[in-house]
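Student: The sequence isn't on hand, but the structure is:
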């Protein structure tokens, strides 16, 4: 059935139509296609010089196009940016064809590439609504991804907080247990140092708990500065600390670390014009001393070595021997 409509009506109803004469020359086009093809112009151009019909294949002449009247077409611009179209061609009363096009799934790219707006589409065309939905979906997905990142960050922060001593910023007992279990499971040898402050109760009694908290924070700084980045320093009690040293099972070296810590903690700690004086006693055990190291056994042995240091006069380090 031949189509015969006033060009102004076609422009309004189908802003992406083309009128092609029997020779394959474009005689007119809707306003949107004129905008898309503005660099080359439309009227007087050969249809098959502007568009390449990809499906059905083999359509390169008006004769073949007429054979596919009413069939769905897939086309692309011959010139960059090679915009894709879906189309339908119907014969008109003058022996030519009217080809109506849409962007299909290439809508978003076409709008961006050719600077189109909602005014470039027919009032009944859902193209812009679909584009807005796609943009809304993108915005929602971006927000969901951002929310997931924030939730993951909050989860990580919560997990970190659950493993951290709030006063000193060191690891806590839970973190220490995890580290020891992981090293034993991996078969990694390690040294274990249990440190307890001497005379800490006197600091609290003489200067108050605020001074005691300050001393604990200074002790934490000393322990951190005297150990390696891969070591774990944990506060496991009021004035008790455990240091886990992966890979360090040389008794001489680990006792040297303990002595440096003890020496530094023997220096007075300033507090509001006063001097707080503490010292430290340490007990050490090595995972290699056990056929099958167990956390509870190692902690108990290091604790016994610690109290041997206290009984020896404090500010001492003792190596537990299995």
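Tutor: Yep, that arrived. Bear in mind that the values here come from a model prediction, so they are computed numbers and not experimental data.

Student: can you give me the helices in the stretch 51-200 of the chain?
Tutor: Under the criterion DSSP state H, counting those that start in this stretch, the stretch 51-200 of the chain contains helices at 62-67, 107-114, 127-162, 173-186, 200-207.

Student: ok, and for the last one, which residues are buried?
Tutor: Just to be clear, that refers to helix 200-207. By neighbour count on 16 or more other Cβ atoms under 10 Å, the buried set for helix 200-207 is 200, 203, 204, 207. Using the backbone N, CA and C atoms, a C-beta is placed for each residue, glycine as well.

Student: How about the first one, nearest residue that isn't a chain neighbour?
Tutor: If the residues on either side of it in the chain are set aside, residue 200 comes closest to residue 239, at 4.3 Å by Cβ to Cβ, 6 or more residues apart in numbering.

Student: Was I right to think that neighbour contacts residue 199?
Tutor: No: under the contact definition of Cβ atoms under 8 Å, residue 239 does not touch residue 199, with a separation of 9.7 Å.

Student: what about those two, which has more around it?
Tutor: Neighbours were tallied for residue 239 and for residue 199 using other Cβ atoms under 10 Å; the higher tally belongs to residue 239 (20 against 15).

Student: OK, contacts around the more buried one?
Tutor: Taking Cβ atoms under 8 Å, 6 or more residues apart in numbering as the definition of contact, the neighbours of residue 239 are 196, 197, 200, 216, 219.

Student: Relative to residue 216, how far out is residue 237?
Tutor: Residue 237 sits at a distance of 11 Å from residue 216 (criterion: Cβ to Cβ, to the nearest Å).

Student: what about these two, which has more around it?
Tutor: More crowded of residue 237 and residue 216, by other Cβ under 10 Å: residue 216, with 21 against 10.

Student: Would you confirm that that one belongs to a strand?
Tutor: No: looking at residue 216 with DSSP: H, G, I helix; E, B strand; the rest coil, it is helix, so not inside a strand.

Student: need the contact list for it.
Tutor: With contacts defined as Cβ under 8 Å, 6+ apart, the neighbours of residue 216 are 167, 168, 235, 239.

Student: Please convert the residues you listed to TSV, extending it with pLDDT and distance to residue 113.
Tutor: Output for those, formatted as TSV (pLDDT from 0 to 100; distance: Cβ to Cβ, whole Å):
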residue	pLDDT	distance to residue 113
167	94	60
168	95	59
235	96	62
239	95	70
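
Student: So which of those residues sit within strands?
Tutor: Secondary-structure check on the contacts of residue 216 using DSSP state E: residues within strands are residue 235.

Student: Quick check: of the contacts of residue 216, which lies closest to residue 74?
Tutor: Ranked by distance to residue 74 (Cβ to Cβ), those are led by residue 168 at 68.5 Å.

Student: Spit out the contact partners of that closest one.
Tutor: Contact partners of residue 168, counting by Cβ under 8 Å, 6+ apart, are 216, 217, 219, 220, 235.

Student: Can you read off the backbone torsions of it?
Tutor: phi -100, psi -20 (degrees, to the nearest 10).

Student: Helix, strand, or coil at the residue nearest to it when sequence neighbours are not counted?
Tutor: Take residue 168 and drop its neighbours on the chain: the residue closest to it by Cβ to Cβ, 6+ apart is residue 220, 3.7 Å away. On the three-state scheme (three-state DSSP), residue 220 is labelled helix.
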